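Colleague: quick one, what's the 3D model for this:
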Amino acid sequence: MADSVYRITELVGVSTESWEDAARRAVETASGTLRDLRVAEVVKLDITVEDGKVARFRTRLALSFKYEPGSTGS
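Modeller: Residues are numbered from 1 along each chain as shown. Below is the predicted model of the structure:
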C-alpha cells in the first residue's frame, strides 16, 4: 500500500432523536460528496433547549477522508 495523505474537516450533525443519530446523519450526508471516508472522531456533544426541554442533539465530528491532489474537500 502506498503512503497516503488524509484531510480532516469538521461537521455538525443534528437530530431530534439522539447524538448517535446526529453523527450518523452527518457521516451519511458527507458521503454524498466526499469519497473514501476513513474515520469520524466525536469532538463535542451538545443539545439545543427550547421551552425548558431538549429540542435537538448536536454532534460535532472531525471527519477524515483520503486527500486527492486538486481536491477542494468541500
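Colleague: can you pull out the strands in this structure?
Modeller: For the chain, strands defined by DSSP state E occupy the ranges 6-15, 37-50, 53-66.
Colleague: could you dump the ones you listed into TSV and include distance to D21 and mean neighbour count?
Modeller: Every C-beta, even on glycine, is put in place using the N, C-alpha and C of the backbone. Listed next are these as TSV, based on distance: least, C-beta to C-beta, whole Å; neighbours: other C-beta atoms under 10 Å:
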stretch	distance to D21	mean neighbour count
strand 6-15	4	16
strand 37-50	12	12
strand 53-66	7	16
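Colleague: go through the ones you listed and name the closest to S31.
Modeller: strand 37-50 (5.8 Å; C-beta to C-beta).
Colleague: just how off-centre is the closest one within its chain?
Modeller: When distances are taken as C-alpha atoms, centre = their mean, to the nearest Å, strand 37-50 is centred 7 Å away from the chain's centroid.
Colleague: next, the angle from that strand to strand 6-15.
Modeller: Put simply, strand 37-50 runs at 30 degrees to strand 6-15, going by axes from the mean of the first three to the mean of the last three C-alpha atoms, to 10 degrees.
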